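Visitor: just to be clear, the model below is a prediction. Sequence and coordinates:
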Amino acid sequence: YVKYGQTEPPIIPVADLFVGKEFPKGEILPHPLPSQAFRETSEEVRSRERLQEDLYSKVRQAAEVHRQVRAYAQSFIKPGIKLADMCRDLENKNRELNLEHGLERGIGFPTGCSLNHVAAHYTPNPGDDTVLQHDDVMKVDFGVQIDGRIIDSAWTVAFNPVYDPLLQSVREATDTGLRHAGIDSRLCDIGEAIQETMESFELEMGGKTLPIKAIRNLNGHSIGPYQIHAGKSVPIVKNGCEESLVMEEGEIFAIETFCSTGRGYVNEDMECSHYMKRFDAGHVPLRMQSSKRLLSHINKTFGTLAFCRRWLEREDGGSFFVNGNNGRQTKYMGALKNLCDVGIIQPYPPLCDTRGCFTAQYEHTIIIRPSCKEIVSRGDDY
Ligand SMILES: O=S(=O)(c1cccs1)N(Cc1ccc(F)cc1)Cc1ncn[nH]1
Ligand SMILES: [Mn+2]
Ligand SMILES: [Mn+2]
Ligand SMILES: [Mn+2]
């Protein structure tokens, strides 16, 4: 992926590759509904859209960071790699190419690397020495944010070609969802179309033919500034939501689909690694001093962006300090649990189908622009 003068491995911040130039646009498509065809040529629409250029520029910059970081990650993700090392290297490259700077520029949310029957929201906690295996199916899902504008995009890694139909089904289902997206597109129609594409595939494995199902309780979602889930969910199955819900001009969505050879349904299971301050959390009086200190660290370091335990223990700066050995807090868990119990922080545990099954995912971020739609995270990889 050596493009735009970037080095291999990439070390030049993306902002420095495009000084005085526009960041690359994503894949631009017309809005699909005939009633919206006027938008491609209307002068009034174009003038309204020109007012959004600064926003689009930030989102496109973050998307280019995402493409370069994931190309770098794809170059070293191999069987035998420790997931904690993979996440650390991917996240440090994310920080480096995005010129991380407090809450203004940085990582959008923790690097998901969920394996096999785990569909989402798994990243290693400190002490987790899990190593990637040849027969694993891993969903790599990470975010980049600039001024709170989050790019949320994911792909699936599998080394054993037996899983090819699984990956193809969900890759084509996500593309179906992206094709149906647009102004006035009904969310439930998108869900139905996704499921139809997904479930037209099957998986031959161990002499058996396994049906491939859409995971009916996972969804895409609208995205707002510093808000990874802004309130609208995009279903990936038929009858997945209220008939009247549609996509509207100016919204940004993550279109993500998940397939499974198991039930097609996930439950929260295993140890939690992902956490996020509730966007609507008011001021809650706290008793425990350690909770007060942890909350002020979270407010300063993550705000309403999602974070993970590893980031509370990072060696080089940014980690949570109180009196403890060498000044680093190593017992934040009690305070974190307290912040969850009082409802300020929401835990996001791993989302799991049945043990022994396999799940896969592809995800893109799309801008529902006045004149067209732009799949801003599209790359030549996916
Ligand atoms: O499953 S979600 O909670 C969701 C909520 C409503 C519809 S989808 N989630 C939002 C999120 C929550 C916590 C995170 F740390 C990161 C993201 C979607 C998602 N997870 C990964 N990529 N996209
Ligand atoms: Mn999720
Ligand atoms: Mn994601
Ligand atoms: Mn998402």
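Guide: Noted; the coordinates are in hand. Ligands and ions are numbered 1, 2, ... in the order given.

Visitor: per-residue pLDDT, the nearest residue to Gly220 once chain neighbours are set aside?
Guide: Counting by C-beta to C-beta, 6 or more residues apart in numbering, Val234 is the residue found nearest to Gly220 once chain neighbours are left out, at 3.4 Å. All C-beta spots, glycine's among them, are computed from the backbone N, C-alpha and C. Looking at Val234, its pLDDT reads 98.

Visitor: partners of the nearest residue to Val162 once chain neighbours are set aside in the sheet?
Guide: Distance criterion C-beta to C-beta, 6+ apart; nearest residue to Val162, sequence neighbours excluded, is Met205 at 5.9 Å. Listed beta-bridge partners, Met205: Lys208 (assigned using DSSP bridges).

Visitor: surely Met205 touches Pro161?
Guide: No - Met205 lies out of contact with Pro161 (C-beta atoms under 8 Å); the separation is 11.5 Å.

Visitor: and the residue nearest to Gly220, what does it touch?
Guide: Contact partners of Val234, counting by C-beta atoms under 8 Å, 6 or more residues apart in numbering, are Gly177, Leu187, Ile190, Gly191, Asn219, Gly220, His221, Ser222, Cys241, Phe253, Ile255.

Visitor: helix or strand for the fourth one, which one?
Guide: Counting by DSSP states H and E, the secondary-structure element that holds Gly191 is helix 187-198.

Visitor: output that helix as PDB, nothing but the C-alphas.
Guide: What follows is helix 187-198, C-alpha atoms only, in PDB (Å, rounded to 0.1, in the frame of the first residue of the first chain):
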ATOM      1  CA  LEU A 187     -33.600   0.500   7.700                       C
ATOM      2  CA  CYS A 188     -35.800  -2.700   7.800                       C
ATOM      3  CA  ASP A 189     -35.500  -3.000   4.000                       C
ATOM      4  CA  ILE A 190     -31.700  -2.800   4.300                       C
ATOM      5  CA  GLY A 191     -31.800  -5.600   7.000                       C
ATOM      6  CA  GLU A 192     -33.900  -7.800   4.800                       C
ATOM      7  CA  ALA A 193     -31.600  -7.400   1.800                       C
ATOM      8  CA  ILE A 194     -28.500  -8.100   3.900                       C
ATOM      9  CA  GLN A 195     -30.000 -11.300   5.300                       C
ATOM     10  CA  GLU A 196     -31.000 -12.500   1.800                       C
ATOM     11  CA  THR A 197     -27.500 -12.100   0.500                       C
ATOM     12  CA  MET A 198     -25.900 -13.600   3.600                       C
END
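
Visitor: give me the residue ranges of the protein where confidence is low.
Guide: Low-confidence segments of the chain (pLDDT under 70): 1, 315-330.

Visitor: so which bits of this structure are right by ligand 1?
Guide: Contact residues, the chain versus ligand 1 (C-beta under 6 Å from any ligand atom): 109-110, 112, 120, 141, 152, 219, 221, 228-229, 233, 254, 256, 274, 276, 306, 348.

Visitor: the residues you listed: which ones sit near ligand 4?
Guide: For ligand 4, the contacts drawn from the residues of the chain next to ligand 1 by C-beta under 5 Å from the ion are Asp152, Ala254, Glu256.

Visitor: for ligand 4, give me its nearest residue in the protein.
Guide: Going by C-beta to the ion, ligand 4 is nearest to Ala254 of the chain, at 3.7 Å.

Visitor: returning to that earlier point: redo the contacts of Val234 as TSV? Include distance to Asp381.
Guide: Output for the contacts of Val234, formatted as TSV (distance: C-beta to C-beta, whole Å):
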residue	distance to Asp381
Gly177	18
Leu187	27
Ile190	23
Gly191	26
Asn219	24
Gly220	20
His221	23
Ser222	25
Cys241	30
Phe253	21
Ile255	17
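
Visitor: now, which of the residues you listed lie within strands?
Guide: Members of those lying in strands (criterion: DSSP state E): Gly220, His221, Ser222, Phe253, Ile255.

Visitor: got the contact list for the closest residue to Asp189 other than its chain neighbours?
Guide: The shortest distance from Asp189 to any non-neighbouring residue, by C-beta to C-beta, 6+ apart, is to His180 (6.4 Å). His180 makes contact with Pro32, Asp189, Ile190, Ala193, Ile194, according to C-beta under 8 Å, 6+ apart.

Visitor: try 7 Å this time
Guide: Pro32, Asp189, Ile190, Ala193 (C-beta atoms under 7 Å, 6 or more residues apart in numbering).

Visitor: by neighbour count, which of those wins?
Guide: Most neighbours among those, by other C-beta atoms under 10 Å: Ile190, with 29 neighbours.

Visitor: so that residue makes contact with Gly182?
Guide: No - when contacts are counted by C-beta atoms under 7 Å, Ile190 is not listed as touching Gly182 (9.4 Å).

Visitor: need the contact list for the residue nearest in space to the middle of the chain.
Guide: In the chain, the centroid-proximal residue (C-alpha atoms, centre = their mean) is Asp152; its distance is 3.5 Å. Asp152 sits next to Gly108, Gly143, Ile223, Ile228, Ala254, Glu363, Thr365 when contact means C-beta under 7 Å, 6+ apart.

Visitor: highest neighbour count among these?
Guide: Within the contacts of Asp152, Thr365 tops the neighbour count with 29 neighbours, counted by other C-beta under 10 Å.

Visitor: centre of the chain versus the helix or strand hosting it, how much separation?
Guide: If you go by DSSP H and E, Thr365 is part of strand 359-368. The gap between where strand 359-368 is centred and where its chain is centred comes out at 8 Å by C-alpha atoms, centre = their mean, to the nearest Å.
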